[in-house]
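Trainee: show me the folded form of this:
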Amino acid sequence: EAATPYSGYGYTGRTGRTKEGTRDIPYNNYARAVTRIKSIAINIKAFCLKAYSNAKEASLAN
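Mentor: Numbers count the residues shown, from 1 in each chain. Presented below is the predicted three-dimensional model:
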């Protein structure tokens, strides 16, 4: 498989399948796609909040 600029980031092209088959967005099922995208957004928000919290703790420790 040829490498693309998106290799390794769960980018699936038009097939809707990743090698793992677990992080794909089901383009042929709107309801599942919306649910999956919302789940990804929640994960991103949680990551940002955790990073902010860690940075705040680090600044208080200094």
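Trainee: alpha carbons only for contacts and neighbour counts from here, please
Mentor: OK.
Trainee: which SSE is residue 50 in?
Mentor: Per DSSP states H and E: residue 50 is located in helix 30-61.
Trainee: for residue 27, that is, sorry about that
Mentor: With elements taken from DSSP H and E, nothing contains residue 27; it lies in neither a helix nor a strand.
Trainee: over to residue 26: give its phi and psi.
Mentor: phi -80, psi 90 (degrees, to the nearest 10).
Trainee: run a quick neighbour tally on it.
Mentor: Residue 26: 17 surrounding residues under other C-alpha atoms under 10 Å.
Trainee: check residue 24 too.
Mentor: That count, for residue 24 with other C-alpha under 10 Å as the rule, works out to 18.
Trainee: that older thread, may I see the buried residues of the helix holding residue 50?
Mentor: For helix 30-61, burial by neighbour count (16 or more other C-alpha atoms under 10 Å) applies to residue 36.
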